[in-house]
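Engineer: With the sequence up front, the predicted model follows.
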Amino acid sequence: MPNALHTGASGEQLGPIPRELATIMWPELPPLLDEIKAEVLRVYPEYADVFAGPHGRFAHAAIEQSLTIFVDQVVRPSVPSPLRDEMFRTLGRYAALQGRSLDTLRGTFRVGARVALRHTKKVGKRYNLSPVFMLSFADTLFAYMDQLEALASEGYLDAGAAAREDPDELRRKILRLIASGSGTPRATLVELAERAGWQLPEEVSLVALSTGARPARTALHGDMLLDLGDPQPYLLVPGALDTGRRKALVRALGGARAAAGPTVPPSGAADSLRWARQALGLALAGIIEETPVVHTSDHLVTLLLMSDPALLEQLAARELSPLQGQTATRRERLTETLRTWLATRGTAAQIGEVLHIHPQTVRYRMRNLDAAFGRRLTDPDHRFATEIVLRAMHLRERAAARPAVPPPARPRTHVNAPRPARTRPGANADQH
């Protein structure tokens, strides 16, 4: 049986590994890869975003490459592995940029080695591999994992040194960690903040900026963190966006638009930024009032109503189905009257004053609505759902009435149910 002698990290030769092992191990690599990932996530749950996020495919490919090279080196011990080496340096750099500790990174390799050895022992029993072989294999495996750990550590330390050399880049790194919602431990953020000369606050406000915004740094408070390289630029304000900070931000923006998310602990920054971006999109679309800096907290109901247009379409189709048999004009008038009644619960005279129509016309329309909807208008759940739909449709109607403006970043959608339109003043118009 041909054998290959392997050399450990210290340079000494390890025991012989049979080349036939490659034939045995190839089919075992896919389930082994899955076992390693699962165990790493069990021991280090903070690595979930590494496998599930935008770098997930790369992490998967790096582990796969490491297993493939290991089996290849059983047959050809001197086979070069430049791709694997660079992939693991990149993993180390990514871990550093994400604020993960070097000890945690090294720990993932120890977990991988334990899983691989445990899996191989099961295979060994199946193929009656000798205890002597298993001992030799364990030595070889741990030496190989030491190599991978050294490569990742090299990338990690290189990235850390580069960040320390550039305070602005280190601040951007802190901002991205906070805004990503990746669950970076507070202790790690505090350590990075100290290196950057910045104090991690107890609360933060994330501010979304319009595309292309380039606020004047000199006009902003020095403790704000900015990421203008993001396709959707944003900044972080320590604490609340109070009057002084808001005025400074408006001056710095020079006419560009912004939306401030709610003030939250750093762990909630991703939500604050997400809501701020939604509010900015709605403001640019004319659905909510556009001001130099929109305050998301003033428009929470609107954000909720407009958060899922496709779901709104489904809800509108269900709740307004009783009006499908009416003409388009009739539907518009009935939905406008229904929306006003749901919003005011007023008398015919009060509703008529709001809509600029005669009270008798209101009564006529309400009789038609009662006939169409029946008990649905007395059912609290249906009544609430119908009010949600009509309020959302009214918001979009207001936006459609605005002069043409460049479209916002968010896609436009349409509700497959009638939208309320303004009714011309005039009594008993429905009766003609």
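Structural biologist: Now that the structure is in, tell me what you want to look at.
Engineer: residue ranges with poor pLDDT in this protein?
Structural biologist: Along the chain, the model assigns pLDDT under 70 to residues 1-21, 53-55, 74-75, 77-79, 161-165, 398-432.
Engineer: for it, what spans make up the strands?
Structural biologist: 3-7, 13-18, 204-209, 225-227, 234-238, 258-264, 293-295 (DSSP state E).
Engineer: Which residues are in contact with residue 138?
Structural biologist: residue 117 (CB atoms under 8 Å, 6 or more residues apart in numbering). (C-beta placed from N, C-alpha, C; glycine too.)
Engineer: do the one 3 residues further on as well
Structural biologist: Residues near residue 141 by CB under 8 Å, 6+ apart: 70, 113, 116, 117, 120.
Engineer: I'd like the distance between the third one and residue 147.
Structural biologist: I take that to be residue 116. Using CB to CB, to the nearest Å, we find residue 116 at a distance of 14 Å from residue 147.
Engineer: ok, the two, which is more surrounded?
Structural biologist: residue 116 (25 against 19; other CB atoms under 10 Å).
Engineer: who's in contact with the more buried one?
Structural biologist: 32, 36, 67, 141, 145.
Engineer: any chance you could map the helices in the stretch 301-432 of the chain?
Structural biologist: For the stretch 301-432 of the chain, the helices defined by DSSP state H, counting those that start in this stretch occupy 309-319, 328-344, 348-355, 359-373, 380-400.
Engineer: Near residue 300, how many other residues are there?
Structural biologist: 12.
Engineer: before we move on, what about the one 10 residues further on?
Structural biologist: The burial metric for residue 310, expressed as a neighbour count using other CB under 10 Å, is 9.
Engineer: Repeat that for residue 308.
Structural biologist: So residue 308, with other CB under 10 Å, has 12 neighbours.
Engineer: Can you give me the distance of it to residue 298?
Structural biologist: For residue 308, the distance to residue 298 - CB to CB - is 21 Å.
Engineer: Kindly report the same for residue 76.
Structural biologist: For residue 76 relative to residue 298 (CB to CB), the value is 67 Å.
Engineer: C-alpha coordinates for stretch 181-191, CSV please?
Structural biologist: C-alpha atoms of stretch 181-191 as CSV (Å, rounded to 0.1, in the frame of the first residue of the first chain):
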residue,chain,number,x,y,z
GLY,A,181,-27.3,44.5,13.3
SER,A,182,-24.7,41.6,13.2
GLY,A,183,-24.8,41.2,17.0
THR,A,184,-21.2,42.3,17.5
PRO,A,185,-20.5,42.1,21.3
ARG,A,186,-20.6,45.4,23.1
ALA,A,187,-17.1,44.8,24.5
THR,A,188,-15.7,44.5,21.0
LEU,A,189,-17.4,47.8,20.0
VAL,A,190,-16.0,49.5,23.1
GLU,A,191,-12.5,48.3,22.2
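Engineer: Residue 37 and residue 56: what is the separation?
Structural biologist: 10 Å.
Engineer: Neighbour count: these two, which is higher?
Structural biologist: Just comparing residue 37 and residue 56: by other CB under 10 Å the higher neighbour count belongs to residue 37, 19 against 14.
Engineer: Nearest residue to the more buried one in space, ignoring adjacent ones along the chain?
Structural biologist: residue 51 (6.0 Å; CB to CB, 6 or more residues apart in numbering).
Engineer: Also residue 154?
Structural biologist: Nearest non-adjacent residue to residue 154 (CB to CB, 6+ apart): residue 89, at 5.7 Å.
Engineer: Give me the neighbour count for the one you found.
Structural biologist: A count of nearby residues for residue 89, using other CB under 10 Å, gives 19.
Engineer: can you check residue 196 too?
Structural biologist: 21.
Engineer: and the gap between it and residue 170?
Structural biologist: 4 Å.
Engineer: what does residue 315 give?
Structural biologist: From residue 315 to residue 170 the distance is 47 Å (CB to CB).
Engineer: next one: residue 225
Structural biologist: 10 Å.
Engineer: more crowded one of these two?
Structural biologist: residue 225 (23 against 20).
Engineer: Just give the nearest non-adjacent residue to residue 109, would you?
Structural biologist: Residue 109 sits nearest to residue 149 (CB to CB, 6+ apart), 4.2 Å away.
Engineer: Go ahead and confirm that neighbour touches residue 106.
Structural biologist: Yes - Residue 149 lies in contact with residue 106 (CB atoms under 8 Å); the separation is 5.5 Å.
Engineer: the more surrounded of the two?
Structural biologist: residue 149 (21 against 16).
Engineer: quick revisit: let me see the contact set for the residue nearest to residue 37.
Structural biologist: Residue 51 sits in contact with 37, 41, 59, 60, where contact means CB under 8 Å, 6+ apart.
Engineer: Alright, calling it a day.
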